[in-house]
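Q: Could you look at this predicted model? Sequence included:
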Amino acid sequence: MKPPYDITPTILNLVTTVSQKIGEVNATYLNRQSPQLRKQNQIKTIHSSLQIEGNTLSEAQITALVENKRVLGPEKDIKEVLNAIKVYDLLDTLKAASEKDFLKAHKLLMEGLVENPGKYRRQGVGIVKGSQIAHLAPPAENVIYLMKNLFVYLKDKQELTLIKSCVFHYEMEFIHPFMDGNGRMGRLWQTIILMDEYPVFGYLPFETLISKTQDQYYEALSVSDKSGKSTVFIEYMLSVINNSLAELLQYNNRVFTDIERLDYFIQSGVKDFTRKDYMNVFKDISSATASRDLKKGVELKLFKTSGIGNQTIYTI
């Protein structure tokens, strides 16, 4: 059964705007990023997602942990970060429509932090804010059925991925399938769903904007709970995605360096190519610039050559 939501003018507007920005991202070679930039964005994502859950470690401390350095801090906070690093290193291998992968991700994320990580809860749970119950999750005996139904929904090809990712995020939060770690799993899995169609989301730390607008995040969840539909939450998340893409485009509104072009081209997966193939990817550079790039690539031992002149074949 399809989860309930309404298509509003705001949602239609945002889907159009986000789609346009994704087109700009692809046109400006930002859909694949250098390992260094990807690492920086991964650190921002981990920091923001865990900060929402009360983790006290700074970006600098998380960077140190990524680099296998010692860090002083609360043991639980360090464990949360180390677990998150393991999961985000596997982003490219986790399949959005696989419930098995979903449970595997929770197990890695919450190992050593909760009992039975990677297992759905077997008892009732409510979310308390102050002295009031803000959300009473469905009974434990319904969780398996509800989650299976949600993964069936993910396989619906007629649903737009942008909307589907938001709906899954909200519905998973509503079901609250785990005793702990639901928030970070909702944000993680939305990223994975989006990555299936749009690779840029593997590098886009939109969780940073969620952490800056936490009150709106929880308000969107609350309003959607009360209405019985995820409409308001979809509007909120699409606006976050839109703003994140805008920041990415603004930050990267610059001319690529030779190293960045070479790095981007190598990540495309091509094995053998010519200068013409290289220029077909970077249509705005001259043949002289392409030759200089490729010469630098040879000097850096990024690839080998055979042949001469414009008949040269480059092998990664």
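A: Yep, it's here. Every value quoted in this text rests on a predicted model; they were computed, and no experiment measured them. Residues are numbered from 1 along each chain as shown.

Q: Please report how far the residue positioned nearest the centre of the chain lies from G297.
A: By Cα atoms, centre = their mean, the chain has its centre lying nearest to T191, at 3.2 Å. Look at T191 and G297: by Cβ to Cβ, to the nearest Å, they are 32 Å apart. (C-beta placed from N, C-alpha, C; glycine too.)

Q: residues contacting the residue nearest to M179 when sequence neighbours are not counted?
A: Nearest residue to M179, sequence neighbours excluded (Cβ to Cβ, 6 or more residues apart in numbering): R121, at 4.9 Å. Counting by Cβ atoms under 8 Å, 6 or more residues apart in numbering, R121 makes contact with 140, 143, 176-179.

Q: Now the buried members of those residues.
A: For these, a burial check counting by 16 or more other Cβ atoms under 10 Å picks out 140, 143, 176-179.

Q: could I get these as TSV with secondary structure?
A: Listed next are those as TSV, based on DSSP: H, G, I helix; E, B strand; the rest coil:
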residue	secondary structure
A140	helix
V143	helix
H176	coil
P177	coil
F178	coil
M179	coil
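
Q: circling back to that earlier point, unless I'm mixing things up, the residue nearest to the centre of the chain is touching L91, no?
A: Yes. Look at T191 against L91 with Cβ atoms under 8 Å: they come within range, at 7.3 Å.

Q: what's the overlap in contacts for the two?
A: With Cβ under 8 Å, 6+ apart as the test, T191 and L91 both reach G202.

Q: ok so, going back, name the nearest of the contacts of R121 relative to M185.
A: F178 (6.9 Å; Cβ to Cβ).

Q: Read off the pLDDT value for that closest one.
A: F178 is assigned a predicted lDDT (pLDDT) of 95.

Q: And E247, by the same measure?
A: E247 is given a pLDDT of 83.

Q: how much space is there between it and N142?
A: Using Cβ to Cβ, we find E247 at a distance of 39 Å from N142.

Q: Could you do I62 as well?
A: Separation of I62 from N142 (Cβ to Cβ): 36 Å.

Q: which phi and psi does the residue nearest to M179 have?
A: Dihedral pair for R121: phi -60, psi 150, per degrees, to the nearest 10.

Q: Can you give me the pLDDT of it?
A: So, for R121, pLDDT stands at 94.

Q: Kindly report the same for L37.
A: As predicted, L37 sits at a pLDDT of 65.

Q: just V18 next, same as before
A: Looking at V18, its pLDDT is 96.

Q: what's the neighbour count on it?
A: Applying other Cβ atoms under 10 Å, we find 20 residues neighbouring V18.

Q: Cross-check the contact I'm expecting between it and N243.
A: No. V18 sits out of contact with N243 when judged by Cβ under 8 Å, with a separation of 9.9 Å.

Q: Overlap in contacts, these two.
A: Counting by Cβ under 8 Å, 6+ apart, V18 and N243 have no contacts in common.

Q: Name the residues that touch stretch 48-60?
A: The set of residues external to stretch 48-60 that reach it, using Cβ under 8 Å, 6+ apart, is 43-44, 47, 65, 71, 73-74, 77-78, 80-81, 84, 183-184, 187-188, 205, 207-208, 210-211, 214, 217.

Q: of those, buried ones?
A: 43-44, 47, 65, 71, 77-78, 80-81, 84, 183-184, 187-188, 205, 207-208, 210-211, 217.

Q: For V232, grab phi and psi.
A: V232 adopts backbone torsions of phi -60, psi -40, taken as degrees, to the nearest 10.

Q: Equivalent analysis for T305, please.
A: Reported as degrees, to the nearest 10, the phi and psi values for T305 are phi -130, psi 160.

Q: From K39, how far off is it?
A: 30 Å.

Q: the more surrounded of these two?
A: K39 (16 against 13).

Q: where's the more buried one relative to Y218, distance?
A: Distance from K39 to Y218, by Cβ to Cβ: 30 Å.

Q: What is the burial count for D293?
A: When neighbours are counted by other Cβ under 10 Å, D293 registers 22.

Q: That one contacts L262, doesn't it?
A: Yes. Assessed by Cβ under 8 Å, D293 is found in contact with L262 at 6.0 Å.
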